[in-house]
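Enquirer: 3D, please:
(chains A and B, ligands or ions: 2)
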Number of protein chains: 2
Amino acid sequence: MTEYKIEINLSSSRKQKPSFDSLEFGKNFTDHMFIVDYTRGIGWHDPRIVPYQPLTLDPACMVFHYGQTVFEGLKAYLTQEEEVLLFRPEKNMERLNRSNDRLCIPQIDEDLALSALKQLINVDREWIPNAPGTSLYIRPFVIATEPYLGVAPSGRYKFIIILSPVGAYYKEGINPVKIAVERQYVRAAIGGTGNAKTAGNYAGSLKAQEVAEKAGYSQVLWLDSKENHYIEEVGSMNIFFKINGEVVTPALNGSILEGVTRDSIIQLLKHWNVPVTERKISIDEIYQAQKDGILEEVFGTGTAAVISPVGEFFWQNEKLVVNGGKTGELSKKLYDTLTGIQLGTVPDPFGWTVKVEQQEGSKYTHNR
Amino acid sequence: MTEYKIEINLSSSRKQKPSFDSLEFGKNFTDHMFIVDYTRGIGWHDPRIVPYQPLTLDPACMVFHYGQTVFEGLKAYLTQEEEVLLFRPEKNMERLNRSNDRLCIPQIDEDLALSALKQLINVDREWIPNAPGTSLYIRPFVIATEPYLGVAPSGRYKFIIILSPVGAYYKEGINPVKIAVERQYVRAAIGGTGNAKTAGNYAGSLKAQEVAEKAGYSQVLWLDSKENHYIEEVGSMNIFFKINGEVVTPALNGSILEGVTRDSIIQLLKHWNVPVTERKISIDEIYQAQKDGILEEVFGTGTAAVISPVGEFFWQNEKLVVNGGKTGELSKKLYDTLTGIQLGTVPDPFGWTVKVEQQEGSKYTHNR
Ligand SMILES: Cc1ncc(COP(=O)(O)O)c(C=O)c1O
Ligand SMILES: Cc1ncc(COP(=O)(O)O)c(C=O)c1O
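Expert: Ligands and ions are numbered 1, 2, ... in the order given. I've put the predicted structure just below:
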């Protein structure tokens, strides 16, 4: 049992904050960051909060060559009472460790990670925006830092948390987006890394995304890699369909990401007694439902956009409109409820929000 | 038509060179490196050779999060006449650009890349080892350096070349390796990034590799992601089978890497009138051939090991021995010929080797 402190080294100067009314996603970063190092034979060591600063890395570091890296994404919200709320942060830390396992990265103490995150937020509390739709986006990530060109797990890593005040992820806001069903490219295969939040999945998705954007679609809807037939997920969102009063979403099959928002939506729907099923869904089924006029709503779910209604999808040279291209009633209700819970303006029956106390201790007790 | 120079900034101090007799793969780096930057709207700019040094990168740089990166691997050899030979380097630069295309990274002028490589080698010429089996491993790579957390192609990149004097990749040398056929994990899917040389493919392969190593196998033999039935490739090698006098290797299907060594082996075999076919090969076919006693040789091909004979493979709880666990005659002949051509001790009927002239100019003329 070792008791150790998260070292805090405050920045001597503060950056000019961007205008909180016109924040672009993921372009501004706060004054500080959290780092903890891993060295084989020692474990994770030297947790510290330091001024936000560049990393100095040997060009042979394995992250540059073999992509051994994982990340997470979650948000902190400033309530009207000036309280800071996190949304189910323990789920993200659990998923981080599941991703770590898939990528052969050593497990991180989830309590240390959460404690570090809270302390970092406190240090940069003034950076949390309060304009409607804004929040503090939190990006924990791990990179392999051993300078070695062999294909093998790295002996050294850095786990880092950076913070970015953000506006809405999609410029369209809660307005419906148009998505293109992808036929040529594949995001992930069963037995691959699709259910881990790791860099390679995103790198591989850029090409299809680029093609879709050129055709006027903001996102790609991925199909499974085996049969090119079953729906997987969208860009960085899981996907839901409301068909004839029932909500369906692809089951967790090993190749899609287990979204925290997805899980929350399923719980909310069950709480409301709206029928919801996780199962295999073919693109043909969705096509037919649209043709039959029973495809009532389609929406994506993810931390960045929370709920992103889909107003149109493109499949085999056909533009298929959903709900007249408008945001559906259920999508709207889910968005309002979830963002309400996140902001503390709506009751939280599930105990999802976690308050960041201002006196959050800098001591952290740890078994190792 | 712009003529521009590769700026050369020599290091004021030189590192202690490692002993060339006991070099570990990919752990030692020379005194210099090449860098050229890309900025959206400007293109690639400021090509320069500088002292080998750490990179200073914002923690939000996209390479850390979305893995937009590609790399190459090739070797320079020192001949008995103290000449430096590269082996088909233009093939690597072509493949680099094919990988770039898949990863939405802007194309690199292949002539600039080759010229830069030759000049860098000249600067660090003393680092090329001459002990048997040694060479100078060359690692060109591109990383996305824009600090931005959105999933989109980066607006900034660095293309870097580093050099590493290396011994044999496999400690076993030309002795046969044991490989395990992978049933659970998948390396790449059709429509994915398998035929690009990009970080994510390698990150995803670590888990299976770890499991195989624990069971005493040095490499994993990957099967296709659709049917888990057809042979793809091995770790960082393509694979060949000699069955009843005929050599077969999996056809380029979009999910395996188009190896330069693979292509060279196919050309050599054709040159020798040994029947060689690129086609789909199921694991059942190989299993049956082994049972029937007509699986004469199995070998992997790749820059690092050149030829790596396979003495045993593990499939469905069975250990299947190939050629009594010994290096086959054809494997040996291919190894000797190819390494001979690379070292300039055997005639090069294909014009594969490229000499690095000592007076290689530092001026580079470029159309843009
Ligand atoms: C590929 C992918 N799918 C789904 C999601 C949604 O997950 P979450 O709801 O946890 O943000 C994300 C992340 O945001 C993602 O990157
Ligand atoms: C996945 C993979 N397959 C095959 C090869 C062999 O390619 P080459 O012969 O060009 O080295 C490599 C690279 O070395 C590789 O990384």
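
Enquirer: now the strands for the stretch 1-150 of chain A?
Expert: Here the stretch 1-150 of chain A has its strands, by DSSP state E, counting those that start in this stretch, at A:2-5, A:7-8, A:32-39, A:43-51, A:55-57, A:69-71, A:74-78, A:84-87, A:135-144.

Enquirer: Redo these as CSV? Include mean pLDDT and distance to chain B.
Expert: Every C-beta, even on glycine, is put in place using the N, C-alpha and C of the backbone. Formatted as CSV, the strands of the stretch 1-150 of chain A follow (pLDDT from 0 to 100; distance: least, Cβ to the nearest Cβ, whole Å):
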stretch, mean pLDDT, distance to chain B
strand A:2-5, 56, 22
strand A:7-8, 96, 18
strand A:32-39, 98, 6
strand A:43-51, 97, 11
strand A:55-57, 98, 5
strand A:69-71, 98, 6
strand A:74-78, 97, 12
strand A:84-87, 98, 18
strand A:135-144, 98, 5
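
Enquirer: Out of these, which one sits most buried?
Expert: strand A:69-71 (a mean of 27; mean count of other Cβ atoms under 10 Å in any protein chain shown).

Enquirer: Ligand 1: which of the strands of the stretch 1-150 of chain A is closest?
Expert: Closest to ligand 1 of the strands of the stretch 1-150 of chain A is strand A:74-78 (Cβ to the nearest ligand atom; 7.5 Å).

Enquirer: any idea which element the residue of the stretch 151-300 of chain A found nearest ligand 2 lies in?
Expert: Going by Cβ to the nearest ligand atom, ligand 2 is nearest to A:Val151 of the stretch 151-300 of chain A, at 7.7 Å. In the assignment (DSSP states H and E), A:Val151 maps to no helix and no strand.

Enquirer: Once you drop chain neighbours, what's closest to it?
Expert: Of all residues not flanking A:Val151 in the chain, B:Tyr202 sits nearest, at 5.2 Å (Cβ to Cβ, 6 or more residues apart in numbering or on different chains).

Enquirer: any idea of the mean pLDDT in the strand or helix carrying A:Ala212?
Expert: According to DSSP H and E, A:Ala212 maps onto helix A:206-214. Helix A:206-214 comes out with an average pLDDT of 96.

Enquirer: So which residues make contact with that helix?
Expert: A:179-180, A:182, A:184-185, A:187, A:218-220, A:222, A:235, B:66, B:68, B:102-104, B:151-153 (Cβ atoms under 8 Å, 6 or more residues apart in numbering or on different chains).

Enquirer: quick one: is that helix near ligand 1?
Expert: No. Shown here: helix A:206-214 not in contact with ligand 1 (Cβ under 6 Å from any ligand atom), separated by at least 11.8 Å.

Enquirer: quick one, that helix and strand B:135-144 angle?
Expert: Relative orientation of helix A:206-214 and strand B:135-144, computed by axes from the mean of the first three to the mean of the last three Cα atoms, to 10 degrees: 30 degrees.

Enquirer: Report the buried residues of helix A:206-214.
Expert: A:Leu206, A:Lys207, A:Ala208, A:Gln209, A:Ala212 (16 or more other Cβ atoms under 10 Å in any protein chain shown).

Enquirer: again, but for stretch A:248-255
Expert: Within stretch A:248-255, the residues scored as buried using 16+ other Cβ under 10 Å are A:Val248, A:Thr249, A:Pro250, A:Ser255.

Enquirer: The residues you listed in strands, which ones?
Expert: A:Val248, A:Thr249, A:Pro250 (DSSP state E).

Enquirer: Spatially, what comes nearest to the residue nearest the centre of chain A if we skip its sequence neighbours?
Expert: The structure's chain A has its C-alpha centroid closest to A:Gly73; by Cα atoms, centre = their mean the separation is 3.9 Å. Closest residue to A:Gly73 apart from its sequence neighbours, by Cβ to Cβ, 6+ apart: A:Thr303 at 5.0 Å.

Enquirer: Neighbours of that neighbour, how many?
Expert: Neighbour count for A:Thr303, taken as other Cβ atoms under 10 Å in any protein chain shown: 22.

Enquirer: For it, give its distance to A:Met237.
Expert: 9 Å (Cβ to Cβ, to the nearest Å).

Enquirer: Kindly point out which residues are neighbours of both of those two.
Expert: Common neighbours of A:Thr303 and A:Met237, using Cβ under 8 Å, 6+ apart, are A:Gly259, A:Thr261.

Enquirer: how about the residues of the stretch 151-300 of chain A that lie near chain B?
Expert: A:151-153, A:160, A:162, A:164, A:184-193, A:198-207, A:209-210, A:225-226, A:228, A:235-236 (Cβ under 8 Å from any Cβ of the partner chain).
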